[in-house]
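Asker: below: sequence and its predicted model.
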Amino acid sequence: MHITFDPGSLIAGNQHRNRLSNINHHLRCNMEQEVAIVDAVQTRHGSALKENIQEIMFNTVRELLDRVGIEKSEIGTMVSSSSDYWQGISCSNSYYYDAAGANLKSGSKAADDSGLGFNYGVMRVLSGHYKTVLVVSVTKCSEAPSVDTLTHMAADPFFQRPVGLNETVAAALQACEYSSRYGLKEEDLAGVPIKNLGNAQNNPNAHRRENLSLDDVLASPMMASPLREIDVPSTSDGACAILLATGEVAKDLTESPVFVRGLGWNVGNTFLGDRDLLNGPLPKAAQMAYRMAGVNDPLNEIDVAEICDTTSFNEILWTEQLGFCAPGKGIDFLKDGTTSMGGALPVNPSGGLFGANPYVARGLIRIAEIALQLKGEAGKRQVPHMKTGLAHSVHGLGGQLHSVVVLGS
Amino acid sequence: MSGESRILEGYVSLPYRWAMGETTTRFFDELKNKKIMGTKCNKCNRVLIPARSFCSHCFDRIDEWVEVGQEGVLRTWCAVNFSYEGQPKEPPYIIAIVDLDGADVGLPHFVGNVSLDDFEDAAKKVRIGGRVKAVWKEMREGNILDIDYFEPVG
Amino acid sequence: MAQAVAIIGTGQTECGKRYDVSYPELIYEAVTRAFDDCGLVPDDIEAVVSGSMPPAMEGVANPHLYWADAMGASGKPMIRTATCGSTGMSLAHTCFYHVASGLFDLVLVVGAEKMYEGDPQGTMATVADPFFQRPFLAGAPGIFSLQSNEWAHRYGLEEKRVRMAAAQLSVRNHTDAMLNPYAHIKVKTTVEEVLASRVVAYPVRILDVCPGSDGACALIMASERMVKKLGVKRPAWVRGVGYCGEEAFFGEGDKVAWPSAINAAKGAYKQAAISNPRKELDVAEVYNPFTFQEMLFYECFGFCDFGEACQLVEEGVVMKGGDLPCDPSGGTLCTNPIGATGLQRVAEVALQVTEKAGERQIPGAKTGLAHAMGGLDQFNGVMIISDSLQ
C-alpha cells in the first residue's frame, strides 16, 4: 500500500494564527552581508587514489591553507560533506575531522552532497559567528560498492528498492518520459559525453579525458534504456576544500575574492511516482539563487555553468530546468553549440562528472571550478571575460535534491 | 487505528576496499616483523602511533619513524560483556587503551591471558597504571591483529 | 544582520519499540505535534533540517530523502546533518544557523531513529576506522566504560563510591522518566537493583546504560522578526551555542579533562554571558546514556570542580529540588532514539523555560543547558536556552 502524507490534514482550520502564505518564501530570502570564496583547492582526481581518506583530506586542506597563507588557528569553523555508505566508516566526518584542521574547533556536516555543505558554510558566515569557514569534502568511490549498489540502498525497503530502483534506473525512466514527450533520437545524448570528455582534456584535475566520436558513443552497450554505459559517468576518488569568509576578510586574504551572489536548494518527493520527473525541484532551487543574485535572464546573465551531469540526459534536462532554454529545447541547445567552449554559455568546461565524479565531493568541485574561472585561474579551460558563473549539485533518485549557487567576481 | 503492522526483514551487507596509504601499509609491514612503529612530529615532539603521515595538531606532514616499546601502561580498560553484529570476539573479553613506552598517544587493543570467570578477580590483575606487554600472533598478516593481545606483566 | 533565534514549537513521539509505524510515519508523528504546538502548517515552513544516526542503523542510505514527504519538506530547501550521538544537537545548531543567517525566518528540524529496525552496537562499531580501532572499540558501552574507568582512577575515586553515585543517578533518571509521557523505559528501580544488575562492560551494569529506542523529535525555530510577526507569547530563546570536536583517534586525546566537552560548554556560556553555570542555570538536560559518564559531564560543564561530581550526586544538587536539577525528563538513560536524543534535550529545556514541561516541570526554570555528545567520545555540543534574550 502506498502511503501519502497530506499536509493539509495536519491542523484543524481554526488553529491557524496569522496565516503566513510562506509558500513563495524562496523568492524572498536575501543575504544581508557579503560572503566570498577566498580560494579553492581540489585533488588531482583519480579512479583509485592510493592515499587514505584522512591523508587526502589533510593534503587538500594543507594546500589550501598554504595557498591562502593562513594558519589553521585562523579558521573559525569547518563544515564537511561526506557519506557513511560511500566511506564504509559511519559518522563519516568523525574519521577526517582533525585531518581537516578542525581539532578543538566547532564543526558540522551537510551529509551526502557537498553543494549543501557550501550553503551551510555560507549560513555560518552570515550568522556573524564566524569570519572564516572551511568547507570540505572527500569521497573515495574506489573503496566503496558501486553507485548503482549504494543508490539502490537509498531506495526505501518496501516499494522502490525491491523493484531495483537506483539513480541510473531512475534517470533512465526520466529519459524515457522525456523521449515520449519531446522526442529523443539515438544520437541526441551523444553530444554530452563527447563535449565533456573533450573539455576534460583541458583540465589537469580530471582523470578521464577522451576524444570520443559519435560512433564510439553508439557502440557503447545499452545500460538502462535509453541510457548507454557511455552516458553514465563512472565514479572517482577526489576531494575539494574551499575557504569562505566575510567579504571584508576575503578582500584581505586574496586579490581575487569570488562573491556568493545567490544560493538556493530544494527537495522533491521521495516516491518517483509522486513527482513530475521532468519538472522537479531544480527550478525552485534555481529561482531562489537567481532572485538573490538579481539574475532575471539566466541565458544572458550567466557566463559559464558547472552542473552535475549525472548522466548525459540529465545535463540536457538540467539546462532546461535551470532556465537556460525552454523545456524540450535542451537537445537543440546542446546541438547549437551554446554550451560548448566558445559558445554563449559553456557548460562544464572542467569536463563535469564525465571528467571526474567523486560522488559527494562533486558539488563542491563544481563551485571550485567556477571560482577558478572567476579568478582567471582556469588555465586551458578558462572561459574569457567571465563575470558571473553558476554551480549546480544534485543527488537522489531522479534528482531529488538540487542546489544552485551563483558566483560573481 | 488498530490494524496489523508487520515487519519486513532484510540484510544490508556491503563490501569495501579501503586504501591504507603508504604510512599505514608500512606500519602494518613492521608489525609483521614484530615491530611497533610510530612517527614523530618535530614541532610538538609527539610520537604518534599507529604511524601517521601528518600531525593534526601542528597540521604538518611528518615522516620521522620511531620504534616504540612493546610494553606499556594501561590507561584504561573494560570487560565487554554484550553481543553485537560484527563483533571480533565472543564476549566476554577485555579492551583497553595502552600507553606504550615511547608513544604519546594510546593504542586501543585487547588485554588477554586473564580469566574472565569472575570480573572482580580479573580487576585485580588488570589495573589502570599496570604494565602490559604485547603478545604476537604466530602467523602475522600485516594488520592490527598481528598483535594478539597485551598481557599484564609484573 | 544576524538574527536572534527562538524555539517556538516542539513535538515528540512516544519512544520505545515502535513497530506500529514505518520510519516516515514515526517522523510524521513528531512533525505534526510540533505544528500543533505552535499552530503553524507545513506551508509556513521555509526550510527543513533533518538527521539521524549512520544510515546503516535502519539500512536506508540518504535517510533525509526517505523522510522528505513525512516532514512536509517537498518543495523546500533541505539539509541533513549527522554527527553520530551529537546529531540531535548538531541538528539544533544547523537549524539555528539557518535562522541566524537571516536567510530563513521559520525552520523545521527533525531528528529520529528506529533502532529496533537495525543493530545499534553493530552500527556504532562501524564508526571506528577499519584499520586500527574497529575491532576494539566495542560500540558505546566499551568506549564510555574505558572513559569512566580512567576518570575514576585519575581522581582517586573509590570504585564503591563511584558505583553508588552512578546507581543513584540511575534511580533518579528512571524515577523521573515515569513522569515523561514520551520516555521509553518506565521501570521503577532501586540502588540495590542497579548495583546487582548484569555487567555490560565491567564495571558498568545494565541499569547504568541507556536503551536503544525508536523515536522522533521535531522543533520549529523562528527569527526574532518572525516571533514578533507571529505574536509568539513564550518563545524559548537560544542564548548560546557551542560545539567542539577532537581527534578521530581515541587514544590521542584526554577523555577525562575532556576538551570537546569543556570547550563546547565554554563557547555556549560565553555567548549566553554565563559565568557561574551552577548558579545561573536552573535546569540542565545533559546527554547521559551512561550514569558514570554523566558525572564526567558535570565536571566538564563547570557544575563542580574536577573530581567532585560524586559529591553533587550525594548532596542532591543534581536531583529534583536541588540547586541544579539535571535531566528531569529521565534523560538519555531512559530514552535514546539516537538521532533524536540530542534534539530531545533541546526540546525538554525549551519546555522547561516556557513552563510547558507538565509533570516534569522544574518550578521557576528560566535558563537551561542542553547537550549532546557523539562519535568515539569525539564531539560535544551545547545550547543555552532561556525565556529571555537578556
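Answerer: That came in fine, so what should we check first?
Asker: what about the longest strand along chain B, near chain C?
Answerer: Criterion DSSP state E: the longest strand present in chain B is strand B:71-80. Yes. Strand B:71-80 is in contact with chain C by Cβ under 8 Å from any Cβ of the partner chain, via B:75, B:76, B:77, B:78, B:79, B:80. C-beta: built from backbone N, CA, C; applies to glycine.
Asker: any idea how far chain A is from residue C:231?
Answerer: Distance, residue C:231 to chain A, using Cβ to the nearest Cβ, to the nearest Å: 7 Å.
Asker: that residue: how many residues sit nearby?
Answerer: By other Cβ atoms under 10 Å in any protein chain shown, 8 other residues sit near residue C:231.
Asker: phi, psi of it?
Answerer: Backbone torsions for residue C:231, taken as degrees, to the nearest 10, come to phi 70, psi 40.
Asker: tell me who's in contact with the closest residue to residue A:365 other than its chain neighbours.
Answerer: Excluding its sequence neighbours, the residue lying closest to residue A:365 (Cβ to Cβ, 6 or more residues apart in numbering or on different chains) is residue A:240, at 4.8 Å. By Cβ atoms under 8 Å, 6 or more residues apart in numbering or on different chains, the contact list for residue A:240 reads A:40-43, A:60, A:114, A:136-138, A:361, A:364-365, A:368.
Asker: now the residues you listed as TSV including pLDDT and secondary structure?
Answerer: Putting the contacts of residue A:240 into TSV (pLDDT from 0 to 100; DSSP: H, G, I helix; E, B strand; the rest coil) gives the following:
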residue	pLDDT	secondary structure
A:40	98	strand
A:41	98	strand
A:42	98	strand
A:43	97	coil
A:60	98	helix
A:114	98	helix
A:136	98	strand
A:137	98	strand
A:138	98	strand
A:361	98	helix
A:364	98	helix
A:365	98	helix
A:368	98	helix
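Asker: tell me the two of the residues of strand B:71-80 next to chain C that are most distant?
Answerer: Comparing all pairs in the residues of strand B:71-80 next to chain C by Cβ to Cβ, the longest separation belongs to B:75 and B:80, at 16.7 Å.
Asker: residue C:34 versus the nearest residue to residue A:315 once chain neighbours are set aside, what's the distance?
Answerer: Excluding the flanking residues, the one nearest residue A:315 by Cβ to Cβ, 6+ apart is residue A:309, at 3.8 Å. Distance from residue A:309 to residue C:34, counting by Cβ to Cβ, to the nearest Å: 38 Å.
Asker: those strands in chain B, which residues are they?
Answerer: B:36-40, B:47-48, B:54-55, B:60-61, B:64-68, B:71-80, B:93-100, B:107-111, B:131-136, B:147-152.
Asker: who's in contact with the fifth one?
Answerer: Translated: strand B:64-68. B:26, B:35-40, B:42, B:47, B:49, B:51, B:100-103.
Asker: of residue A:309 and residue C:34, which one has the most company?
Answerer: A count of neighbours by other Cβ under 10 Å puts residue A:309 above the other of residue A:309 and residue C:34, at 30 against 26.
Asker: I'd assumed residue A:319 was in contact with the more buried one.
Answerer: No. Contact between residue A:309 and residue A:319 fails when scored by Cβ atoms under 8 Å: they sit 9.7 Å apart.
Asker: who in chain B is up against chain A?
Answerer: Counting by Cβ under 8 Å from any Cβ, chain B sits next to chain A at B:8, B:10, B:12, B:14-24, B:53-54, B:56-57, B:59-61.
Asker: filter those to the buried ones?
Answerer: Buried by 16 or more other Cβ atoms under 10 Å in any protein chain shown: B:18, B:19, B:20, B:21, B:23, B:24, B:53, B:54, B:56, B:57, B:59, out of those.
Asker: for the fifth one, which non-adjacent residue is spatially closest?
Answerer: In other words, residue B:23. Closest to residue B:23 by Cβ to Cβ, 6+ apart is residue B:53, at 4.2 Å.
Asker: repeat that for the fourth one.
Answerer: Nearest residue to residue B:21, sequence neighbours excluded (Cβ to Cβ, 6+ apart): residue A:52, at 4.0 Å.
Asker: got the phi and psi for that neighbour?
Answerer: Backbone geometry at residue A:52, expressed as degrees, to the nearest 10, gives phi -80, psi 170.
Asker: confidence score at it?
Answerer: At residue A:52, the pLDDT value in this model is 94.
Asker: residue contacts, it?
Answerer: By Cβ under 8 Å, 6+ apart, residue A:52 lies in contact with B:18, B:19, B:20, B:21, B:24, C:131.
Asker: correct me, but the fourth one touches residue A:57?
Answerer: I take that to be residue B:21. No. At 11.6 Å, residue B:21 does not count as touching residue A:57 under the criterion of Cβ under 8 Å.
Asker: what touches both of these two?
Answerer: With Cβ under 8 Å, 6+ apart, residue B:21 and residue A:57 have no common neighbours.
Asker: okay, buried residues for stretch B:44-51 please.
Answerer: Going by neighbour count (16+ other Cβ under 10 Å), the buried part of stretch B:44-51 is B:46, B:47, B:48, B:49, B:50, B:51.
Asker: span of it from start to end?
Answerer: The separation between the terminal residues of stretch B:44-51, taken as Cα to Cα, to the nearest Å, is 15 Å.
Asker: so how far is that stretch off the chain centroid?
Answerer: Put simply, stretch B:44-51 sits 15 Å off its chain's centre (Cα atoms, centre = their mean, to the nearest Å).
Asker: model confidence over it, on average?
Answerer: Throughout stretch B:44-51, pLDDT has a mean value of 94.
Asker: what of stretch C:347-359?
Answerer: Average pLDDT, stretch C:347-359: 98.
Asker: stretch A:233-242 too?
Answerer: Here stretch A:233-242 scores 97 as its mean pLDDT.
Asker: before we move on, the earlier item: so who does the residue nearest to residue B:23 touch?
Answerer: Applying Cβ under 8 Å, 6+ apart, the residues near residue B:53 are A:55, A:58, B:21, B:22, B:23, B:39, B:61, B:62, B:63.
Asker: strands of the chain, residue ranges please.
Answerer: I'll assume chain A. Secondary structure of chain A by DSSP E: the strands cover A:35-42, A:77-81, A:106-109, A:132-140, A:222-224, A:227-228, A:237-246, A:258-267, A:304-306, A:388-395, A:401-408.
Asker: my bad, the chain I had in mind was chain C
Answerer: Here chain C has its strands, by DSSP E, at C:5-12, C:47-51, C:78-80, C:106-114, C:199-202, C:204-205, C:214-223, C:236-245, C:283-285, C:367-374, C:379-386.
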